[in-house]
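*Asks:* The amino acid sequence is not available; the structure is as follows:
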């Protein structure tokens, strides 16, 4: 199953190889741009079926995806599970629930992300869910980049990838003069 997910990421040019500047400031030899996969509904559906199979023992009443990366995958996984899908978004730099969306007390809520690396937006979304009385059952994602670190919640990834990251001053890719690219912008530095 995981091999098929990797295949789908590669087919859609979502799994990139090169020299990338991450939002953390670190450098990496690979980058996952899930939006490239999610532009193909049939591929998104196939990956969500992989995640759905990992959730057979979980009771999920609602799916919540943090904006932006979690919106499409939350919708698709909600469809696969037959439950509503909503999203959180930042307002004044704080994750919040808007647009008339509701989380009812006691609802079992699954957070859905595209990629989980540090889990920061998942934790922020978890706080919103709990403030509304929801019960977080875990976090589902297309790609788990945590390298096996305990992120404090159950994780249900379609695939786990080990991707090298480097500090700016200790980057072998810089030492080899490989062009540095900021993902999404294709901008050189």
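*Replies:* Arrived safely, thanks for sending. Please read these numbers as outputs of a predicted model, since none were measured by experiment.
*Asks:* Tell me the spacing between residue 30 and residue 49.
*Replies:* 25 Å (C-beta to C-beta, to the nearest Å). Using the backbone N, CA and C atoms, a C-beta is placed for each residue, glycine as well.
*Asks:* just residue 42 next, same as before
*Replies:* For residue 42, the distance to residue 49 (C-beta to C-beta) stands at 11 Å.
*Asks:* same check, this time on residue 6
*Replies:* Looking at residue 6 against residue 49, where the rule is C-beta to C-beta, the gap reads 15 Å.
*Asks:* Residue 42 and residue 49: which has the busier surroundings?
*Replies:* Comparing residue 42 with residue 49 by other C-beta atoms under 10 Å, the one with more neighbours is residue 49, at 14 against 7.
*Asks:* what about the helices in this structure?
*Replies:* Applying DSSP state H to the chain gives helices spanning 2-11, 34-38, 41-54, 69-81, 120-131, 172-175.
*Asks:* can you list those helices in a markdown table and add distance to residue 99?
*Replies:* Compiled in a markdown table, the helices of the chain are given as follows (distance: least, C-beta to C-beta, whole Å):
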| stretch | distance to residue 99 |
| --- | --- |
| helix 2-11 | 30 |
| helix 34-38 | 21 |
| helix 41-54 | 22 |
| helix 69-81 | 12 |
| helix 120-131 | 13 |
| helix 172-175 | 41 |
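*Asks:* Of those, which is nearest residue 19?
*Replies:* Across the helices of the chain, residue 19 has its closest neighbour in helix 172-175 (4.1 Å, C-beta to C-beta).
*Asks:* who touches that closest one?
*Replies:* Under the contact criterion C-beta atoms under 8 Å, 6 or more residues apart in numbering, helix 172-175 has outside partners 19, 27, 29, 166, 168, 180.
*Asks:* rewinding a little: with mean pLDDT and distance to residue 140 as new columns, can the helices of the chain be given to me in CSV?
*Replies:* CSV is the format used below for those (pLDDT from 0 to 100; distance: least, C-beta to C-beta, whole Å):
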stretch, mean pLDDT, distance to residue 140
helix 2-11, 92, 13
helix 34-38, 93, 13
helix 41-54, 95, 5
helix 69-81, 93, 6
helix 120-131, 90, 10
helix 172-175, 94, 31
